[in-house]
Every structure is written in C-alpha cells, then in structure tokens.
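K.L.:
Show me how the following folds:
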Amino acid sequence: MSAFSIQEAQDLALFAAQTLARLAPANERLQAAGETLAAELSWMELITQRVSEAHERVQSALREAAPLPEFANARKVKAETLSTAWADAIESVFDAIVQNVSANGPLIEALFPHQRFASLRRPGAAAHNFWLEFERRADSSYVRRLCGDPEYQFLPPLLEAAKASERAVREIASPRPLPEAQAEKLRSAVSEAAEALELSLRQTRALAEAAFARTPEAVSELGLDAKPKRRAARSEAPKVVAS
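P.N.:
Reported below is the predicted structural model:
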C-alpha cells in the first residue's frame, strides 16, 4: 500500500461512507435468511464495524489536518459561511435593540450611527472598517454601563456573539503557518488512517463474496464489489538537457 495524499484520503472516506450505506441492506438480506446464515451475518457485522471505525479514524485525522495548505479551498468556503454568520450576528444586535428599546434611540446612535450593513457582506476593507468602528463603539463607557443595567440584559450576550463570530472569521482567514515537521506529521497521520481504511474495504469485498457464496450475484447487486479509485499520479515534466 502506498501513501495516501489528503485528496485521496478524502476520496476514500467518501467511498467508505457509500460502502457503509451498502452494507446495511446486505446485513438485512442475511438476517432475513435466519439462523442458517448466522456465521455469514457475523462476518458482515464484523466488517461493518471495522469499516465504520476506520472511516471515523480517517475523518478524525482529516479534521486534525485542517490547517494544512491542502485545505485552502475548504477554508475559503468556510470563511464565506462564517462571514455570513458574522454579519447576521451584527444585525441581530441592531434588531434586538429595535425590538427591546427603540429604533432611533441613543443606543442605536451609539452603536450604529450609519447602519451600513451591506458593507458587512462584502469581504475586504469595508467589512473590516465596519467592525473596527463597531468594536470601538461597543467598548465605549456608555455601552458598557448599559450592559450592566438589568433592563439591557439582552445586550451583552449579543455583543459577545458578534465578537466570537468576528474572531472565527479572522482566525480562518489568516491561519498560522504550520512548521514543516508538524505538517508532515499531520499528513502521515491521514495517510496511515487511510491505509487502514483501504485494508478494511478490501476485507469487505472478500467477506462479502464469502458471505454471499450461495448467491454470488447479490454482491454485485448490492454494490459490494466496487473498488475505490486512486487519483492518477501527476508525472513530472521531462527535463531539457542543454546540448
């Protein structure tokens, strides 16, 4: 077995999830046969457990490896989702003040003098500047005094939620660079977990054939003869030697 890249491990995890979905009806078919196939059923239950556990190990290793450069696109997508949640959190502060106090009172003026919420949903300098201004105003003595007032008990949790949302966006948008040794350790953990999962999937095909030896066509019908495909290795460009 060769080392698995991050993308290959993700592909294998997806294939394993599909295999687990196929194993469920396979087990049901064997259960319907009753005690006559008790041994075969035990084989399938065993391999279902092994694939499930190996799949979870790969998923866990992939989650741990999230800071790697290979996950840059996934981080970008997540950052967009978090940015939307951050904008929603800011607007929730405004909506709560309107609902609980007033739409044009001094608290609205203190926190949202401009109410340019559209800029929050445009990543970049506009959103960053909006947050800096909001954060400065939320930390004013007036707002802090109101946060201690029982009549404004709704306000502190909303302000904290907005801060947490902004912090999450900032952290995922600017991840700390990983030392190469740590990066390689994460890649190795993913590869080792993927190798174990690949073995359990090969065992699944073998045991499925054994369990359904009386009705071999069932293996194909249930999709348990499928094999995961490895991504083709990229060949290096030929080197040109100067004459």
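K.L.:
so what's residue 48 up against?
P.N.:
The neighbours of residue 48, taking C-beta atoms under 8 Å, 6 or more residues apart in numbering as the test, are 20, 23, 27. C-beta coordinates here come from the backbone N, C-alpha and C atoms, glycine included.
K.L.:
any idea of the mean pLDDT for the regular element (helix or strand) spanning residue 184?
P.N.:
Secondary structure assigned from DSSP states H and E places residue 184 in helix 180-211. The pLDDT scores in helix 180-211 average 95.
K.L.:
Show me what that helix packs onto, helices and strands only.
P.N.:
Packing partners of helix 180-211 (3 or more C-beta pairs under 8 Å, 6 or more residues apart in numbering; DSSP states H and E): helix 6-32, helix 38-64, helix 217-221.
K.L.:
Next, give phi and psi for residue 214.
P.N.:
Dihedral pair for residue 214: phi -70, psi -30, per degrees, to the nearest 10.
K.L.:
what bits of this structure have low per-residue confidence?
P.N.:
Across the chain, the ranges flagged by pLDDT under 70 are 1-2, 123, 232-243.
K.L.:
Which parts of it belong to which domain?
P.N.:
6-68+178-221, 73-173 (automatic domain parsing).
K.L.:
ranking these by burial, who's on top?
P.N.:
For the domains of the chain, ranked by mean neighbour count under the definition mean count of other C-beta atoms under 10 Å, the leader is domain 6-68+178-221 at a mean of 17.
K.L.:
so can I have JSON lines of the domains of the chain showing distance to residue 231?
P.N.:
Output for those, formatted as JSON lines (distance: least, C-beta to C-beta, whole Å):
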{"stretch": "domain 6-68+178-221", "distance to residue 231": "6"}
{"stretch": "domain 73-173", "distance to residue 231": "16"}
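K.L.:
Centre-most residue in this structure?
P.N.:
residue 63 (7.0 Å; C-alpha atoms, centre = their mean).
K.L.:
picking up where we left off before, closest to residue 183 out of the contacts of residue 48?
P.N.:
Set against residue 183, the nearest of the contacts of residue 48 by C-beta to C-beta is residue 20 (30.0 Å).
K.L.:
For that closest one, give me its contacts.
P.N.:
48, 51, 52, 55.
K.L.:
Nearest to residue 148 among these?
P.N.:
Of those, the one sitting nearest to residue 148 (C-beta to C-beta) turns out to be residue 55, at 49.9 Å.
K.L.:
Please report how far the closest one lies from residue 13.
P.N.:
With distances taken as C-beta to C-beta, to the nearest Å, residue 55 is found 6 Å from residue 13.
K.L.:
And for residue 150?
P.N.:
50 Å.
K.L.:
again with residue 34
P.N.:
34 Å.
K.L.:
Would you mind measuring the gap between the ends of stretch 209-223?
P.N.:
Using C-alpha to C-alpha, to the nearest Å, the end-to-end distance of stretch 209-223 comes to 11 Å.
K.L.:
Contacts for it next, please.
P.N.:
Contacts for stretch 209-223 (C-beta under 8 Å, 6+ apart): 18, 22, 25-26, 29-30, 37, 40-41, 43-44, 205, 208, 225.
K.L.:
joint contacts of residue 55 and residue 13?
P.N.:
The contact sets of residue 55 and residue 13 overlap at residue 197 (C-beta under 8 Å, 6+ apart).
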